[in-house]
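Q: I would like the atomic coordinates for the input below:
(one chain, ligands or ions: 1)
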Amino acid sequence: MKLTKSFNRSLWAFHFNSGSCNGCEIEIVAAITPRYDPERFGIKLVGSPRHADVLLVTGPVVRKMRDRLERVYQQMADPKVVMCIGACGTSGGPFYDSYNLDGPIDDIIPVDVYVPGCPPRPEAIIHGVVVAQQKLERLEGEKA
Ligand code: SF4
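A: Predicted coordinates for the structure are as follows:
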């Protein structure tokens with residue numbers, strides 16, 4: 001993968017768990033292990049939304065996480081891209097009719113890339129990041 005001129009820096013991602021069962025988290029961890037090694041392309045997880053270009057959200061957004069999700073989204077600088085990882089964030093998944101949900105994610109913040117699955121495989125997550133990167137390149141190009 002080659003970064004274009006319009007997006008000439010590493011791609012940093014911040015992960016937010018909005019109430020996931022931890023299955024999607026395990027696949028995210030698998031995606032960043034040496035087997036796939038996305039860091040060789042400059043793609044890595046960071047500890048602060050203020051440093052991130054991409055927000056990875058897992059889970060169906062339980063009521064107590066709603067305001068935190070909104071706050072994390074607002075803390076990210078533009079241009080930014082939101083990736084919804086897993087069936088829970090897309091539709092509520094197995095928890096879709098729970099009394100405790102404020103989600104799915106796109107009811108709360110705009111989602112740019114959906115990665116389906118319960119949980120999605122690491123290959124699908126990495127493919128989603130590539131799609132997110134293409135979207136960021138477009139946004140950066142429009143800004144330039
Ligand atoms: S999509 Fe599946 S694996 Fe991911 S948080 Fe929901 S139930 Fe868990």
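Q: show me what the residue nearest to His51 when sequence neighbours are not counted is bridged to.
A: Leaving out its chain neighbours, the residue that sits closest to His51 by Cβ to Cβ, 6 or more residues apart in numbering is Trp12, at 5.7 Å. Backbone N, C-alpha and C define where each C-beta goes, glycine included. For Trp12, the beta-bridge assignment (DSSP bridges) gives partners Lys44.
Q: partners of the residue nearest in space to the middle of the chain in the sheet?
A: The centre of the chain sits closest to Leu56, judged by Cα atoms, centre = their mean, with a distance of 1.7 Å. Under the criterion DSSP bridges, Leu56 forms beta bridges with His15, Met83.
Q: gap between it and Lys143?
A: In this view, Leu56 and Lys143 are 23 Å apart by Cβ to Cβ, to the nearest Å.
Q: please apply the same query to Cys118.
A: 36 Å.
Q: same thing with Val81?
A: Distance of Val81 to Lys143, given as Cβ to Cβ: 14 Å.
Q: and if you look at Val113?
A: Taking Cβ to Cβ as the measure, Val113 falls 19 Å from Lys143.
Q: who's more crowded, these two?
A: For the pair Val113 and Lys143, the greater number of neighbours falls to Val113 (20 against 9), based on other Cβ atoms under 10 Å.
Q: list the contacts for that one?
A: Each residue near Val113 by Cβ atoms under 8 Å, 6 or more residues apart in numbering is listed here: Val81, Val82, Met83, Cys84, Gly128, Val131, Ala132, Lys135.
Q: could you pick out which of those are near the ligand?
A: Near the ligand, judged by Cβ under 6 Å from any ligand atom, there are no entries from these.
Q: from the residues you listed, pick the one nearest Asp67.
A: Nearest to Asp67 out of these is Val82 (Cβ to Cβ; 16.5 Å).
Q: nearest spatial neighbour of the closest residue to the ligand within the chain, skipping sequence neighbours?
A: Residue of the chain nearest the ligand, by Cβ to the nearest ligand atom: Gly23 (2.6 Å). Nearest residue to Gly23 in three dimensions, chain neighbours excluded: Pro119, at 4.1 Å (Cβ to Cβ, 6+ apart).
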